[in-house]
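J.: For reference, the sequence and a predicted model appear below.
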Amino acid sequence: RMSLTPGQSLQRQFISGDDSGDGLLQLDELVEYLEGLPGIETVMHKGAPLGTQDLRSLVEALDELSGSRTGQVNLFSFMEAFMVEHAPGQDFEVAEQFMGEHVASFLYRHRHAVCCGCNQADPELSGRIRATAFAEVLRGIDVSLARNRRTFSDLQIESLADSLGEEDGSFNYFELLQALTVHDCERQTSSAT
């Protein structure tokens, strides 16, 4: 039997708390879910057992992680809040893997919009844009897709864009878009024989 990674376990917990099945936890759903956790009655806050109002304050703070109050928490914010951080010097492989998969999935699903935004920011179609322009492209896509809650915070978008920038502050977005292409290796192998 395969064991679950902490990220997979949190994802299953999120799904089990999503009573409405809409892919978002309403604040009341999250409070109710947290109240039902085994051992929650032993958690202390300011010298007293954690009460409903304390949990409500916690989930309201979680609601604000994306920069706006929506009354809902998405999977990413849930995992961001409840993923255990390791002590300095320990491996962050699981958290990094989850974040990498989340970003790659977002970029892949919205690759056409990313391409259009990058082309708009690159009128000469040189294939290079500044990291700050890429951040604006991502922010625009994220805001336009958000019904009630954005996928990424501004800090996450800025960090991603900055990590792509080279010494001059720009990067080759053609290479990024090329990396988002899916190749059917099995089909290619069978047609080559």
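T.: It's in.
J.: in the protein, which spans are strands?
T.: Applying DSSP state E to the chain gives strands spanning 25-26, 44-45, 48-49, 72-73, 128-130, 170-172.
J.: Tabulate those strands in TSV, adding columns for distance to I157, mean neighbour count and mean pLDDT.
T.: Every residue, glycine included, has its C-beta placed from N, CA and C. What follows is these, written out as TSV (distance: least, C-beta to C-beta, whole Å; neighbours: other C-beta atoms under 10 Å; pLDDT from 0 to 100):
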stretch	distance to I157	mean neighbour count	mean pLDDT
strand 25-26	23	22	81
strand 44-45	32	12	71
strand 48-49	39	10	80
strand 72-73	19	22	80
strand 128-130	14	19	94
strand 170-172	15	17	91
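J.: Make JSON lines from these and add distance to R139 to it.
T.: As requested, the strands of the chain are exported to JSON lines (distance: least, C-beta to C-beta, whole Å):
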{"stretch": "strand 25-26", "distance to R139": "24"}
{"stretch": "strand 44-45", "distance to R139": "35"}
{"stretch": "strand 48-49", "distance to R139": "41"}
{"stretch": "strand 72-73", "distance to R139": "20"}
{"stretch": "strand 128-130", "distance to R139": "14"}
{"stretch": "strand 170-172", "distance to R139": "17"}
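J.: For this protein, just list every one of the helices.
T.: With DSSP state H as the criterion, the chain has helices at 6-17, 27-35, 52-63, 75-82, 93-109, 111-121, 131-145, 154-164, 173-179, 185-192.
J.: Show the low-confidence segments of this protein, by residue range.
T.: Filtered on pLDDT under 70, the chain yields the residue ranges 1-11, 45, 65-68, 76, 79-99, 148, 183-185, 187-193.
J.: out of the helices of the chain, nearest to R69?
T.: Closest to R69 of the helices of the chain, according to C-beta to C-beta: helix 52-63, at 5.5 Å.
J.: What residues sit buried inside the closest one?
T.: Of all the residues in helix 52-63, those buried under the rule 16 or more other C-beta atoms under 10 Å are 54-55, 58-59, 62-63.
J.: ok, now which ones touch Q26?
T.: Contacts for Q26 (C-beta atoms under 8 Å, 6 or more residues apart in numbering) come out as 20, 71-72.
J.: Closest to I40 out of the buried residues of helix 52-63?
T.: Out of the buried residues of helix 52-63, the member with the shortest distance to I40 (by C-beta to C-beta) is L55, at 8.3 Å.
J.: Next one: the closest one from L30, what distance?
T.: Per C-beta to C-beta, to the nearest Å, L55 is found 8 Å from L30.
J.: Repeat that for S163.
T.: Distance from S163 to L30, by C-beta to C-beta: 31 Å.
J.: neighbour-wise, which of those two wins?
T.: Here S163 and L30 are compared on neighbour count by other C-beta atoms under 10 Å; more neighbours surround L30, at 25 against 9.
J.: so what's that one closest to, chain neighbours aside?
T.: Excluding its sequence neighbours, the residue lying closest to L30 (C-beta to C-beta, 6 or more residues apart in numbering) is V59, at 4.6 Å.
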